[in-house]
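Participant: Structure, please.
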Amino acid sequence: MTIYSFETLPSTQKWLIEALKAGHLEIPSAVLAKNQTEGIGSRGNRWIGKEGNFFASVALCESMLPDDLPITAASIYFMWNMKKVLQNEGSRVWVKWPNDLYLQSRKIGGCITSKKGSVLIAGIGVNIVDAPRDFGLLDIKIEPEELLYRFVAQIERAPSWKQIFSNFCLEFEKSKRFSTHIENERVDLSDASLHEDGSITIGNRKVVNLR
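Facilitator: A predicted model of the protein is given here:
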């Protein structure tokens, strides 16, 4: 995988998307920025922070991902692999549906995945040294560069979605203590049911994770 590094970018994900559109991007690729000024967060919010936090994106062809991975579960897949890397270093993070990394009851990271043709671009942010109010910090020390290398190595192993989903089903019980935003509406997850494609059912409504 080709890895690009920058001091500052408006958004690592937007940079990969623009490079892909211009035909300048080798696939697979990843990009890391020490500072990010206009990062893409959930519901159109910005994901920004100071140097030392993790601001990165990866671009992969669909064919490089497990055959059994539903595209609607891509963000869960990427977040679970990030969690695996961090847990191997001693962290106690967990994955909250649909695309968040949590430590206890505070969000410390997130993933937004977009699809351009046959290429998936996942933008990931993790609060390592600094966090906005009401957010949390990672509970271990790790350099952003090292975290990206280990995450790339984990993704290249391509663990199956079946393997990850069986574990995520158990962890999904933690998500039920929280809420999420669906079409800008805050929705309680306490009665949600998880499906194998990463979607959930709340009441009579099926919600597909498109983040």
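
Participant: what about residue 72, neighbour count?
Facilitator: 17 (other Cβ atoms under 10 Å). For the C-beta atoms, the positions are set from N, CA and C on the backbone; glycine is no exception.

Participant: before we move on, what SS does it have?
Facilitator: Secondary structure, DSSP: H, G, I helix; E, B strand; the rest coil: residue 72 is helix.

Participant: so it touches residue 200, yeah?
Facilitator: No: taking contacts as Cβ atoms under 8 Å, residue 72 lies outside contact range of residue 200: 10.7 Å.

Participant: Who are the contact partners of residue 160?
Facilitator: With contact taken as Cβ atoms under 8 Å, 6 or more residues apart in numbering, residue 160 is in contact with 66, 68-69.

Participant: Any chance of a ChimeraX selection covering the buried ones in these?
Facilitator: Entered in ChimeraX, the line below selects the buried ones among the contacts of residue 160, by 16 or more other Cβ atoms under 10 Å:
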select :69
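
Participant: show me the contacts for residue 28.
Facilitator: When contacts are counted by Cβ under 8 Å, 6+ apart, residue 28 touches 1-2, 58-61, 64.

Participant: Just the strands from the chain, written as ranges.
Facilitator: With DSSP state E as the criterion, the chain has strands at 2-9, 29-36, 54-61, 94-96, 100-103, 106-116, 119-126, 179-182, 185-188, 193-194, 200-202, 205-207.

Participant: low-scoring stretches of the chain, by residue?
Facilitator: 39-49, 209-211 (pLDDT under 70).

Participant: redo that, cut-off 50
Facilitator: In the predicted model, the chain carries pLDDT under 50 at residues 43.

Participant: and the gap between residue 184 and residue 81?
Facilitator: 29 Å (Cβ to Cβ, to the nearest Å).

Participant: Those two: which is more packed in?
Facilitator: Per other Cβ under 10 Å, whichever of residue 184 and residue 81 has more neighbours is residue 81, with 24 against 7.
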